[in-house]
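Peer 1: Here is the input, now give the coordinates:
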Amino acid sequence: MFRFNPNVKMREFDDINDELDFLFNNFFQARHPVMMPVKRGWKPPTDVYETDDEMVVVMDIAGIDARDVKVQIDGRALVIRGIRREPALGVKRTYHKMEIDYGLFERKIELPADVDPSQVTTNYHNGFLEIHLTKKPKPGPTRIEIEVL
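Peer 2: Prediction:
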């Protein structure tokens with residue numbers, strides 16, 4: 001029996017939705033043939049973790065030119081868009097297995113902490129895009145002086 005827990009954050013439901021999308025897209029849907037557009041795009045595998053000082057996003061986008069990727073921060077959302085271009089055909093190919101996704105992709109990641117957009121660094125190495133986002137310090141208690149009249 002499912003019980004509603006108000007402490008469960010809505011992004012956890014988003015994660016479940018992403019997992020169900022992955023399941024249906026990869027197990028119940030035929031792979032797209034070469035040169036056929038993918039109607040919904042694809043989702044590169046992504047890890048998100050945090051340290052005391054920063055949020056880190058690591059995305060597996062092997063085979064993509066860094067110029068074909070755009071990163072944007074919108075409030076607490078990190079949006080990563082890009083395209084993996086299909087290789088030039090040149091010679092006729094007969095595929096026996098096709099598991100590499102091509103075409104447009106977009107990932108919108110809700111960050112669990114506020115970040116400073118001016119303190120973002122990225123690097124792309126060995127097919128992995130790594131984004132470091134410095135967390136904004138949490139405001140501590142503010143002491144308010146009482147004015148004596």
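Peer 1: For this protein, just list every one of the helices.
Peer 2: Counting by DSSP state H, the chain forms helices over residues 10-27, given from the N-terminal end onward.
Peer 1: so where's it uncertain?
Peer 2: Applying pLDDT under 70 to the chain flags the ranges 1-15, 18-19, 21-40.
Peer 1: what residue lies at the spatial centre of it?
Peer 2: With distances taken as CA atoms, centre = their mean, Arg107 lies nearest the centre of the chain, 4.1 Å away.
Peer 1: what's the distance between that one and Asp60?
Peer 2: With distances taken as CB to CB, to the nearest Å, Arg107 is found 11 Å from Asp60. The C-beta positions use only the backbone N, C-alpha and C, and glycine is treated the same way.
Peer 1: Same question for Ser118.
Peer 2: 27 Å.
Peer 1: Over to Glu106?
Peer 2: In this view, Glu106 and Asp60 are 15 Å apart by CB to CB.
Peer 1: Overlap of the contact sets of Arg107 and Asp60?
Peer 2: Counting by CB atoms under 8 Å, 6 or more residues apart in numbering, the shared contacts of Arg107 and Asp60 are 44, 46.
Peer 1: returning to what we had before: run through the bridge partners of the residue nearest to the centre of the chain.
Peer 2: Ile80 (DSSP bridges).
Peer 1: May I have the residues that are in contact with it?
Peer 2: Contacts here follow CB under 8 Å, 6+ apart; on that basis Arg107 touches 43-44, 46, 59, 79-80.
Peer 1: Would you mind giving me the ChimeraX syntax to select the buried ones in those residues?
Peer 2: In ChimeraX, this line selects whichever of those come out buried by 16 or more other CB atoms under 10 Å:
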select :44,46,59,80
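Peer 1: quick one: the strands in the chain?
Peer 2: 46-50, 54-60, 69-74, 77-84, 103-110, 115-125, 128-135 (DSSP state E).
Peer 1: Need the contact partners of the last one.
Peer 2: Strand 128-135 is contacted from outside by 50, 53-62, 66, 69, 71, 73, 78, 80, 111, 113-116, 119-124, using CB under 8 Å, 6+ apart.
Peer 1: re the thing from before, look at Ser118 and Asp60 and report which has more neighbours.
Peer 2: For Ser118 and Asp60, the more surrounded residue by other CB atoms under 10 Å is Asp60, and the numbers stand at 13 against 7.
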